[in-house]
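Colleague: pasting the structure only:
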């Protein structure tokens, strides 16, 4: 299931969907960092990330999820859990504007 389809079907983001999004984000972080696994609480920069990789992660998230995550927000919130929360908040705003 694509991440975009997952987010499109949320109203609001429930625990199961959140868990699935977190798993997908963990996989994306791990792939970009070229490591085996990343947990939802691992700080991106503590497990080997740097600014260029952060830009890559943010770009991939924005493209794959059709969201507008900003690099500065990623620097302030560098865990999978934090990023998922930012996405959920953004989705809430988008859904409110559509209503």
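Modeller: Here it is on my side, so go on. Predicted model only: the values in this text are computed from it and were never measured.

Colleague: what about the helices in the protein?
Modeller: 3-8, 15-33, 51-65, 71-76, 80-98 (DSSP state H).

Colleague: could you dump these into a markdown table and include mean pLDDT, distance to residue 39 and mean neighbour count?
Modeller: In short, each C-beta sits where N, CA and C put it, glycine included. Output for these, formatted as a markdown table (pLDDT from 0 to 100; distance: least, C-beta to C-beta, whole Å; neighbours: other C-beta atoms under 10 Å):
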| stretch | mean pLDDT | distance to residue 39 | mean neighbour count |
| --- | --- | --- | --- |
| helix 3-8 | 53 | 19 | 15 |
| helix 15-33 | 88 | 7 | 17 |
| helix 51-65 | 96 | 16 | 15 |
| helix 71-76 | 98 | 17 | 14 |
| helix 80-98 | 76 | 7 | 15 |
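
Colleague: need these in CSV with distance to residue 43, can you?
Modeller: As requested, those are exported to CSV (distance: least, C-beta to C-beta, whole Å):
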stretch, distance to residue 43
helix 3-8, 22
helix 15-33, 10
helix 51-65, 11
helix 71-76, 11
helix 80-98, 9
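
Colleague: go through the ones you listed and name the closest to residue 41.
Modeller: Residue 41 sits nearest to helix 80-98 of all these, at 6.1 Å, using C-beta to C-beta.

Colleague: give me the number of residues near residue 50?
Modeller: When neighbours are counted by other C-beta atoms under 10 Å, residue 50 registers 10.

Colleague: can you read off the pLDDT for residue 46?
Modeller: Predicted confidence (pLDDT) at residue 46: the value is 97.

Colleague: what about it, distance to residue 39?
Modeller: 11 Å (C-beta to C-beta, to the nearest Å).

Colleague: looking at the two, which one has more neighbours?
Modeller: Higher neighbour count among residue 46 and residue 39: residue 39, with 13 against 9, using other C-beta under 10 Å.

Colleague: tell me the contacts of the closest residue to that one other than its chain neighbours?
Modeller: Leaving aside its chain neighbours, residue 39 sits nearest to residue 26 (6.8 Å; criterion: C-beta to C-beta, 6 or more residues apart in numbering). Contact analysis of residue 26 by C-beta atoms under 8 Å, 6 or more residues apart in numbering lists 37-40, 80.
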